[in-house]
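K.L.:
Here's a sequence, model it:
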Amino acid sequence: MNAKMRGLNMEKVVKVPAEIKAAEILRNAIVDGTIAPGSRITEGELSEQMQLSRATIRGALHQLAGEGLTTLKRYAGWSVVQLSANDVWELYTVRSTMERLGARLVAQTINPQSASAISKALSSLEKQCEVGAWNKIADADFRFHKNIVRLAGNGRLIAQYAIIEPQVRMYIRSLDSLLFETEKIVQQHQQIAGAIISGDTSLAGDVAEAHNLVDGEILARHLASKELKLVRANP
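P.N.:
Predicted coordinates for the structure are as follows:
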């Protein structure tokens with residue numbers, strides 16, 4: 001290797017098993033709504049479209065089932081989960097507890113590096129809200145919250161948050177598009193960021209929890225109303 005090549009800092013190519021890559025592609029398609037909630041999906045069609053074996057597709061779908069994104073029913077086959085009002089209630093109550101703890105831990109040990117990371121995540125969300133593309137707003141929204149959990153530095157909290165991450169991303173996308181008020185989204189996250197950066201542990205925990213509980217109830221009520229209408233239409 002010549003001297004010029006030695007000086008290059010090239011990114012290493014990491015080989016990823018086809019099953020993991022397939023799961024990643026399908027996960028993103030489900031989370032961003034490309035594959036709609038409740039959609040029926042077949043191993044054969046996915047195998048043909050993705051040019052992968054049915055066994056590989058099956059493995060990917062089972063992985064997503066473990067993440068709460070797909071479900072397999074006897075005779076009916078695979079389908080994408082559709083969050084119910086009860087699913088949302090479970091998610092926002094668990095998520096509010098985790099993010100309350102995360103916000104308190106970060107506020108407790110706030111430093112210039114953490115403050116900068118939170119400010120950057122908030123700035124990214126603000127920019128996406130200006131553009132108004134809901135999928136990108138939802139992605140920036142989730143990254144803001146995930147960043148706070150990461151900065152908390154609690155390995156067990158981070159691991160538990162990762163378990164609900166896929167469904168939380170679906171939940172945020174549904175909620176943000178339902179609210180349809182970018183100003184409100186920005187204001188809520190500015191309050192969380194401001195409380196954490198100020199180092200006010202109690203306030204940081206309170207606003208992080210309230211953000212989840214209030215918005216979670218809005219989405220849960222919306223879904224409960226839809227479910228009731230469906231029941232009445234199909235007595």
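
K.L.:
Show me which positions of the lengthiest helix in the chain end up buried.
P.N.:
The residue-count maximum for a helix in the chain (DSSP state H) belongs to helix 201-233. Within helix 201-233, the residues that count as buried by 16 or more other Cβ atoms under 10 Å are 201, 203-209, 211-212, 215-216, 219-220, 223. Quick note: C-beta positions are derived from backbone N, CA and C, even for glycine.

K.L.:
now swap in stretch 35-49 and tell me
P.N.:
In stretch 35-49, counting by 16+ other Cβ under 10 Å, buried: 35, 41, 43, 46-47.

K.L.:
same question, stretch 183-200
P.N.:
Residues of stretch 183-200 classed as buried by neighbour count (16+ other Cβ under 10 Å): 185-186, 188-189, 191-193, 195-197, 200.

K.L.:
what's the average pLDDT for it?
P.N.:
For stretch 183-200, mean pLDDT rounds to 95.

K.L.:
try stretch 86-95
P.N.:
Regarding stretch 86-95, the rounded mean pLDDT is 90.

K.L.:
Stretch 29-42 now?
P.N.:
88.

K.L.:
Run through who's touching it.
P.N.:
With contact meaning Cβ atoms under 8 Å, 6 or more residues apart in numbering, stretch 29-42 is reached by 26, 28, 61, 64, 69-70, 76-83, 135, 138-139, 166, 169-170, 173.

K.L.:
Provide a list of residues in contact with the most centrally placed residue in the chain.
P.N.:
The chain has Arg169 as the residue nearest its centroid, 2.1 Å off, counting by Cα atoms, centre = their mean. By Cβ under 8 Å, 6+ apart, the contact list for Arg169 reads 31, 138-139, 142.

K.L.:
again with Ser174
P.N.:
Ser174 sits next to 83, 219 when contact means Cβ under 8 Å, 6+ apart.

K.L.:
do the same with Gln160
P.N.:
Met98.

K.L.:
before we move on, what about Ala22?
P.N.:
Residues in contact with Ala22 (Cβ under 8 Å, 6+ apart) are 46, 50, 52, 56-57, 59-60.
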